[in-house]
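> Generate a structure from the sequence data that follows.
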Amino acid sequence: MSSHVISYDSKQSISELLSSWTRLQWHPDSDFEYYLKIMEMEPELKPYILGLHENGEIKTLLVGSIKRMPVELRFGYKVFPSPNFNVFVLGYNGILGKTDKLECTVLFDALVKLLHRRKFDIILFGNLPLYSPFHDLALSGVPFSSRDHFRIKQESWQLSMPASMDKYWSDHKSLRHYNRRYFSNKLLKKYDNRMQITCYNSVGKLDMILQDTEHIVTRTWQRRLGATSFLTEDNRKRYEFYIDNGWLYAYILYIDHNPVCFLHGVKYHSIFYAQQIGYDPEYKEDRIGNYLMIHVIQDLCERGGIHTVDFGVGNSEAKRIFCDVCVDAEDIYVFGPAMYLKAFNLMRASLTAIHLASKSLLKRVGLYGSLRKYWRHTK
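Numbering: from 1, shown residues only. Presented below is the predicted three-dimensional model:
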């Protein structure tokens, strides 16, 4: 078997990948046309793709980009200033094709060589499932001083779409009772016919989607922690792309015609990816997020053609309640050989270690949940 790795970093060379890329793509964020759109929208990103060729055929693609960016120094929700580095960013959804250990090892070795040749300073593997080949290689395939020693584990949640809502309720009997007891006997009586849920997916409703969603987001803890506006020009272009390709399902819950809760996602290759979720905290005690979630599951079930709902990373109550698959994942950095990069890695590892130790202690004494809520809602 003859195998070699080729880098692609120009528009012309990337265009040569069209046939192989579209054959291997499985996630909307690494869709060929969407990738080109993002590169066009964000000129600070430099396209960079590695292709593993075996006997004249592309077997695996690493669809990433190089970005001049800070590497996060975080303690809880507090983010400290960091210098900018040239970072090769590769999300798990950008790993396309064969991902056996042999293929991953060849590609990982190619990335490390590029790191030593100063093509970039740092590699960021985003949301790698624990014990996946690249996860293991990033922790064992580089010198001690270049490894990411303390990482923050995240939960990635999925829902296996049932054949019908009757099937879903039969598989989730406790949820069925919860739905009948709470929403039928309390929420619907409280708001009667004042609630309305609309699913938007047309370009004529784009302004309404973005404005009503922004109305909700301005009230959330995510905005206080720095979440970007839905009304930016780049975000508008992104939603236009989703609509033009028939991907978008934007659900918004209204009470008295006021937007109070939303869930936006895209359908891609029989999977619905829930990308944006939020609610007005004024209605927190009403569990409107859970109410909207049930409606979304039912609507997607009735539409058909979807076998999985992917809610991505995060440990919200709704994800724990409604999903049936949880995969642990981590962001992992690999640092280059320069001394200043090794020193920064040591500083970052020390701060992360303190963060994780504090989190563990707070959990043991039963204060973690309440402190996290206080930090979110008082920043």
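
> Run through the bridge partners of the nearest residue to Leu341 once chain neighbours are set aside.
Once its chain neighbours are removed from consideration, Leu341 has its nearest residue in Phe335; the separation is 4.6 Å (C-beta to C-beta, 6 or more residues apart in numbering). The way it works is simple: take the backbone N, C-alpha and C, and place the C-beta from them, glycine included. When bridges are called by DSSP bridges, Phe335 pairs up with Ile122.

> just use 238 as the starting number from now, easier for me
Let's use 238 as the start, then, which means that last one is Phe572.

> Enumerate every residue touching Phe572.
Contacts were defined as C-beta atoms under 8 Å, 6 or more residues apart in numbering; by that measure Phe572 touches Asp358, Ile359, Ser382, Ser383, Arg384, Asp385, Leu578, Lys579, Phe581, Asn582.

> Closest one of the residues you listed to Tyr437?
The shortest gap between Tyr437 and any of the contacts of Phe572 belongs to Ile359, at 39.1 Å (C-beta to C-beta).

> Point out where the stretch 438-587 of the chain drops to low pLDDT.
Per-residue confidence for the stretch 438-587 of the chain (pLDDT under 70) gives these ranges: 458-464.

> And the helices in it?
443-454, 458-461, 470-481, 525-540, 554-559, 576-601 (DSSP state H, counting those that start in this stretch).

> Take these and lay them out in a markdown table including mean neighbour count and distance to Pro370.
Shown next, in a markdown table, are the helices of the stretch 438-587 of the chain (neighbours: other C-beta atoms under 10 Å; distance: least, C-beta to C-beta, whole Å):
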| stretch | mean neighbour count | distance to Pro370 |
| --- | --- | --- |
| helix 443-454 | 18 | 37 |
| helix 458-461 | 15 | 33 |
| helix 470-481 | 16 | 31 |
| helix 525-540 | 18 | 32 |
| helix 554-559 | 17 | 26 |
| helix 576-601 | 14 | 22 |
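
> Which one, of those helices, ends up nearest to Ser239?
With C-beta to C-beta, the closest approach to Ser239 among those belongs to helix 576-601: 34.4 Å.

> Show me what the closest one packs onto, helices and strands only.
Contact analysis of helix 576-601 by 3 or more C-beta pairs under 8 Å, 6 or more residues apart in numbering; DSSP states H and E lists strand 310-312, strand 562-572, helix 605-615 as its packing neighbours.

> could you give the angle of it to strand 562-572?
Taking axes from the mean of the first three to the mean of the last three C-alpha atoms, to 10 degrees, helix 576-601 and strand 562-572 form an angle of 150 degrees between their directions.

> Please give me every residue in contact with the residue nearest the centre of the chain.
Against the mean C-alpha coordinate of the chain, by C-alpha atoms, centre = their mean, the closest residue is Gly549 at 5.1 Å. Gly549 makes contacts with Ser393, Trp394, Tyr510, Ala511, Gln512, as judged by C-beta under 8 Å, 6+ apart.

> my guess is the second one is in a strand, correct?
What it means is Trp394. Yes: following the definition DSSP: H, G, I helix; E, B strand; the rest coil, Trp394 is counted among the residues of a strand.

> Make sure it is actually in contact with Phe548.
Yes: when contacts are counted by C-beta atoms under 8 Å, Trp394 is listed as touching Phe548 (4.4 Å).

> Find the nearest non-adjacent residue to Thr259, please.
Phe269 (5.4 Å).

> This protein - how does it break down into domains?
Domain assignment of the chain by automatic domain parsing yields the ranges 240-390+566-615, 399-543.

> Out of the ones you listed, which gets nearest to Ala555?
Distances from Ala555 to each of the domains of the chain were compared using C-beta to C-beta; the shortest belongs to domain 399-543, at 5.1 Å.

> Do me a favour and get the end-to-end distance for the closest one?
When the termini of domain 399-543 are compared using C-alpha to C-alpha, to the nearest Å, they are 9 Å apart.

> Work out the gap between it and the centre of the chain.
17 Å (C-alpha atoms, centre = their mean, to the nearest Å).

> and the nearest residue in space to Ala511 that is not next to it in sequence, what does it touch?
Once flanking residues are discounted, Ala511 sits nearest to Gly502: 4.2 Å by C-beta to C-beta, 6+ apart. Under the criterion of C-beta under 8 Å, 6+ apart, the contact partners of Gly502 comprise Leu485, Tyr486, Phe509, Tyr510, Ala511, Gln512, Gln513, Val546.

> and Gly502, how far is that from Gln448?
Gly502 is 19 Å from Gln448, where distance means C-beta to C-beta, to the nearest Å.

> Please apply the same query to Ser595.
Counting by C-beta to C-beta, the gap from Ser595 to Gln448 is 40 Å.

> Show me the strands in the stretch 288-437 of the chain, by range?
When assigned using DSSP state E, counting those that start in this stretch, the strands of the stretch 288-437 of the chain occupy the ranges 294-307, 310-312, 315-317, 321-328, 332-334, 359-366, 391-397, 432-437.

> Reformat the contacts of Gly549 as TSV; add distance to Leu424.
Shown next, in TSV, are those (distance: C-beta to C-beta, whole Å):
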residue	distance to Leu424
Ser393	29
Trp394	23
Tyr510	27
Ala511	21
Gln512	25
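
> Out of those residues, give me the one that has the most neighbours.
Of these, Ala511 is surrounded by the most neighbours, 24 neighbours in total, counting by other C-beta atoms under 10 Å.

> That residue contacts Lys504, correct?
No: look at Ala511 against Lys504 with C-beta under 8 Å: they stay out of range, at 10.6 Å.

> one step back: run through the residues that contact the residue nearest to Thr259.
For Phe269, the residues meeting the contact criterion (C-beta under 8 Å, 6+ apart) are Leu254, Leu255, Trp258, Thr259, Gln262.

> so which of these would you say is closest to Leu348?
Taking C-beta to C-beta as the measure, Leu254 is the one of the contacts of Phe269 closest to Leu348, at 17.8 Å.
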